[in-house]
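Visitor: Sequence unavailable; structure follows:
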């Protein structure tokens, strides 16, 4: 992959000498402290300084795109004893979201390199948007919402009148980014130091990214995707197909000398999906669904240790959501309902057969877009765990934006749930964004 990146950079230098070049970017600084009722009360649980930039070059039928950021992340450099108020910025992290060359001829085009691909018509919760892996490593930004990594793929496209047809061939696998750095507070939640199996407390061996195996580079490990979209005055709709790997690795648990060891690996999945958006004046109704004839699901540590089950079971699954958006002059409102069902016996899985959630987002602007107040929430309806994200934005100038936000996670009355387990990371954050 490094050789591919080097070739693309060399092509960029040669290409941009005679091409039209556009360069934009942002500098973002953010810090957050835990809310009073958490373990990190009044201590920093995020500290970010991020430089992101977007470089585009165009000449004739050829274009180049580079989208990247350099981040100094205090969470990733947190000390082992968690006394990280304030974090030390020891090193920077370079992340390349997009780096590709695009060539078009009439209605046809080919794009080669790292690309961000967004499927589906939904916000916050998504159904069909599985082609790009997720980033779970940081509390930076809207961490409970959808944040994707670019994939190294080749896209063949046809762009006709109101019609788009895309085919993706992805020979190089991109791993999901997991918070496995020592000291990251998210890791302590996802990988606890001890677990209880059959009433017995078992120590958990330190789990790092080296314990996760990526698919070998071969023709059989390539991923494939396709999208057909049609845009009309009364409805927009798309169909999707994907054959590749489940984004989250499947974990194998083994026990030795009262110590639990964890190893991870990736398994294949198949998806067929569709979405539709129906505009109705200042409102839009959205639908999205996906059927998985084959999808791996993680088995629980207890079932593996007590019943010697595999790390995962393959099941058929169905997911769907419906949502509505309202766009007024100063008010915006968006809500949606999501449900998923796994067919067959799920007694050994690390999830329930039926899962459903709801989201709601409301915002109000004042004096144009100078001042904005918003509230977004996710409710896990299975156990009633919640996420609340209140945000206040104040735009001082066209280039400078200040943001005050909260990240409030609450467990359900009987179970922590998918979001409630992050309660101890509930925080209030302040950030500033300078656009250049």
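Guide: Thanks, I have it. If you're wondering where the values come from, they're calculated on a predicted model, not measured in any experiment.
Visitor: From now on I want contacts and neighbour counts done on CA atoms only, so please keep to that.
Guide: OK.
Visitor: Quick one: residues contacting the residue positioned nearest the centre of the chain.
Guide: The centroid of the chain falls nearest to residue 147 when counting by Cα atoms, centre = their mean (3.0 Å). For residue 147, the contacting residues are 134, 135, by Cα atoms under 8 Å, 6 or more residues apart in numbering.
Visitor: and what of residue 312?
Guide: Neighbouring residues of residue 312 by Cα under 8 Å, 6+ apart: 250, 251, 296, 297, 298, 299, 349.
Visitor: cool, residue 334 as well?
Guide: Residues in contact with residue 334 (Cα under 8 Å, 6+ apart) are 323, 324, 325, 326, 359, 360, 361, 362.
Visitor: Please report the distance of the fourth one from residue 334.
Guide: Look at residue 326 and residue 334: by Cα to Cα, to the nearest Å, they are 6 Å apart.
Visitor: now the last one
Guide: Computed with Cα to Cα, the distance linking residue 362 and residue 334 is 6 Å.
Visitor: Would you mind giving the contacts of residue 334 as TSV with neighbour count and secondary structure added?
Guide: Output for those, formatted as TSV (neighbours: other Cα atoms under 10 Å; DSSP: H, G, I helix; E, B strand; the rest coil):
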residue	neighbour count	secondary structure
323	21	strand
324	19	strand
325	20	strand
326	16	strand
359	20	strand
360	20	strand
361	20	strand
362	17	strand
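Visitor: what's the closest of those to residue 54?
Guide: The nearest member of those to residue 54, counting by Cα to Cα, is residue 361 at 28.4 Å.
Visitor: Just to check, the closest one is in contact with residue 336?
Guide: No - judged on Cα atoms under 8 Å, residue 361 makes no contact with residue 336 at a distance of 9.3 Å.
Visitor: Among the contacts of residue 312, which ones are in strands?
Guide: Within these, residues falling in strands by DSSP state E are 250, 251, 296, 297, 298.
Visitor: now the fourth one: how far from residue 315?
Guide: Right, residue 297. Going from residue 297 to residue 315 by Cα to Cα gives 7 Å.
Visitor: So which of those two has more stuff around it?
Guide: Neighbours were counted for residue 297 and for residue 315 using other Cα atoms under 10 Å; residue 297 has more, 24 against 17.
Visitor: Give the bridge partners for the more buried one, please.
Guide: Legend: beta-bridge partners of residue 297 under DSSP bridges are residue 313.
Visitor: Mind jotting down where the strands sit in the stretch 151-300 of the chain?
Guide: For the stretch 151-300 of the chain, applying DSSP state E, counting those that start in this stretch gives strands covering 151-160, 163-172, 194-197, 200-204, 212-213, 223-231, 236-245, 250-256, 259-265, 268-280, 283-298.
Visitor: Worst mean pLDDT among those strands?
Guide: Mean pLDDT is lowest for strand 194-197 out of the strands of the stretch 151-300 of the chain, coming in at a mean of 76.
Visitor: For it, name the packing helices and strands.
Guide: Here strand 194-197 touches strand 200-204, going by 3 or more Cα pairs under 8 Å, 6 or more residues apart in numbering; DSSP states H and E.
Visitor: in its sheet, what does the strand it packs on sit against?
Guide: Using DSSP bridges, the strands paired with strand 200-204 are strand 194-197 (antiparallel), strand 259-265 (parallel).
Visitor: Would you indicate which residues of the first one are buried?
Guide: The one in question is strand 194-197. residue 195 (16 or more other Cα atoms under 10 Å).
Visitor: what sits up against it?
Guide: If you take Cα under 8 Å, 6+ apart as the criterion, strand 194-197 is touched by 201, 202, 203, 204, 301, 302.
Visitor: Centre of the chain to that strand, how far?
Guide: 29 Å (Cα atoms, centre = their mean, to the nearest Å).
Visitor: Over to stretch 409-423?
Guide: In terms of Cα atoms, centre = their mean, the centre of stretch 409-423 is found 20 Å from the chain centre.
Visitor: same deal with stretch 34-47?
Guide: Stretch 34-47 sits 24 Å away from the centroid of its parent chain (Cα atoms, centre = their mean).
Visitor: End to end on it, go ahead and measure it.
Guide: 12 Å.
Visitor: Repeat that for stretch 98-116.
Guide: By Cα to Cα, the extent of stretch 98-116 from end to end equals 6 Å.
Visitor: Okay, buried residues for that stretch please.
Guide: Within stretch 98-116, the residues that count as buried by 16+ other Cα under 10 Å are 98-104, 109-116.
Visitor: Over to stretch 251-265?
Guide: In stretch 251-265, counting by 16+ other Cα under 10 Å, buried: 251, 252, 253, 260, 261, 262, 263, 264, 265.
Visitor: what bridges to the closest residue to residue 211 other than its chain neighbours?
Guide: Once flanking residues are discounted, residue 211 sits nearest to residue 263: 5.1 Å by Cα to Cα, 6 or more residues apart in numbering. Taking DSSP bridges, one obtains residue 252 as the residues bridged to residue 263.
Visitor: Then residue 386?
Guide: residue 379, residue 410.
Visitor: Domain-wise, how is this protein divided?
Guide: Domains of the chain are assigned by automatic domain parsing as 1-103, 116-318.
Visitor: Which residue ranges of this protein form helices?
Guide: Assigned by DSSP state H, the helices in the chain fall at 2-16, 185-190, 301-307, 417-420.
Visitor: residues making contact with the shortest one?
Guide: Pointing back at helix 417-420 there. Here helix 417-420 makes contact (Cα under 8 Å, 6+ apart) with 380, 383, 384, 385, 386, 387, 409, 410, 411, 412.
Visitor: how about a cut-off of 7 Å?
Guide: For helix 417-420, the external contacting residues (Cα atoms under 7 Å, 6 or more residues apart in numbering) are 383, 385, 386, 387, 409, 410, 411, 412.
Visitor: Can you add pLDDT and give the residues you listed back as TSV?
Guide: As requested, the contacts of helix 417-420 are exported to TSV (pLDDT from 0 to 100):
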residue	pLDDT
383	96
385	96
386	96
387	93
409	93
410	95
411	96
412	95
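Visitor: Of these, which is the nearest to residue 48?
Guide: Nearest to residue 48 among the contacts of helix 417-420, counting by Cα to Cα, is residue 409 at 20.7 Å.
Visitor: partners of the residue nearest to residue 238 when sequence neighbours are not counted in the sheet?
Guide: Nearest residue to residue 238, sequence neighbours excluded (Cα to Cα, 6+ apart): residue 229, at 4.1 Å. Beta bridges link residue 229 to residue 164, residue 238, judged by DSSP bridges.
Visitor: count of neighbours near residue 229?
Guide: Residue 229: 18 surrounding residues under other Cα under 10 Å.
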